[in-house]
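Trainee: mind folding the following:
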Amino acid sequence: MTPEEVTEFANKLAAETPASEAYFGIFQQGDGPDESFIRANKQGLRLFAAGLLRAADQVDETLAHETKTLIPLEFQENDWLDGDTSIDYVEPVTYSAASQPPAEPNSLADNLQAYSWLAVGLFLLVSLLVGIGIGIKTGIETIFNWFFG
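Mentor: This next block holds a predicted model:
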């Protein structure tokens, strides 16, 4: 499809889908974003898809632009949007999932931070164990003195 055909299709899809009957939300079930899900009806999926198609039509223009790096997802009426997570824009890239640049290795600062937290945790654990060993005897003596004087 040409960019004009994509835009025309997205506009037609949005125009033929009543926003008053649409529902779309991105929710998080557990503690992390790895447990996110979409709750939507057909109309909500169509309106959100139309917004994504409009954004797809702007990718080449945005990548060629020197200062504009984001494509805002703007919906005319957004009463049909709900959820814990909101997607406000698209950040276009030139690579695919297969050719994605490798992740940067951990820096020295990241490693030092991790080892520092580990050292603090070990210190607290040893302190707790030593404190319990000393504290139990002292605690029993104190309670015994409360009752028996």
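Trainee: got the contact list for the residue nearest in space to the middle of the chain?
Mentor: The residue lying closest to the centre of the chain (C-alpha atoms, centre = their mean) is Pro33, at 5.0 Å. Each residue near Pro33 by C-beta atoms under 8 Å, 6 or more residues apart in numbering is listed here: Thr85. From N, CA and C alone the C-beta is placed, and that goes for glycine too.
Trainee: which pLDDT value goes with it?
Mentor: Pro33 carries a pLDDT score of 72 in this model.
Trainee: before we move on, what about Ile87?
Mentor: Predicted confidence (pLDDT) for Ile87: 83.
Trainee: next one: the residue nearest to the centre of the chain relative to Ile26, how far apart?
Mentor: Counting by C-beta to C-beta, to the nearest Å, the gap from Pro33 to Ile26 is 10 Å.
Trainee: which neighbours do those two share?
Mentor: With C-beta under 8 Å, 6+ apart, Pro33 and Ile26 have common neighbours Thr85.
Trainee: hmm, back to that, distance of the residue nearest to the centre of the chain from Thr62?
Mentor: Note on Pro33: its distance to Thr62, by C-beta to C-beta, is 25 Å.
Trainee: Gln29 now?
Mentor: For Gln29, the distance to Thr62 (C-beta to C-beta) stands at 33 Å.
Trainee: same question, Leu122
Mentor: Distance, Leu122 to Thr62, by C-beta to C-beta: 49 Å.
Trainee: which residue of those two possesses the greater neighbour count?
Mentor: More crowded of Leu122 and Thr62, by other C-beta atoms under 10 Å: Thr62, with 15 against 10.
Trainee: any idea which helix or strand carries that one?
Mentor: Secondary structure from DSSP states H and E places Thr62 in helix 59-64.
Trainee: whichever helix or strand comes after that helix packs against which elements?
Mentor: Under the assignment DSSP H and E, the closest C-terminal helix or strand after helix 59-64 is strand 71-72. Secondary-structure packing of strand 71-72 (3 or more C-beta pairs under 8 Å, 6 or more residues apart in numbering; DSSP states H and E): strand 89-90.
Trainee: many thanks, we can stop here.
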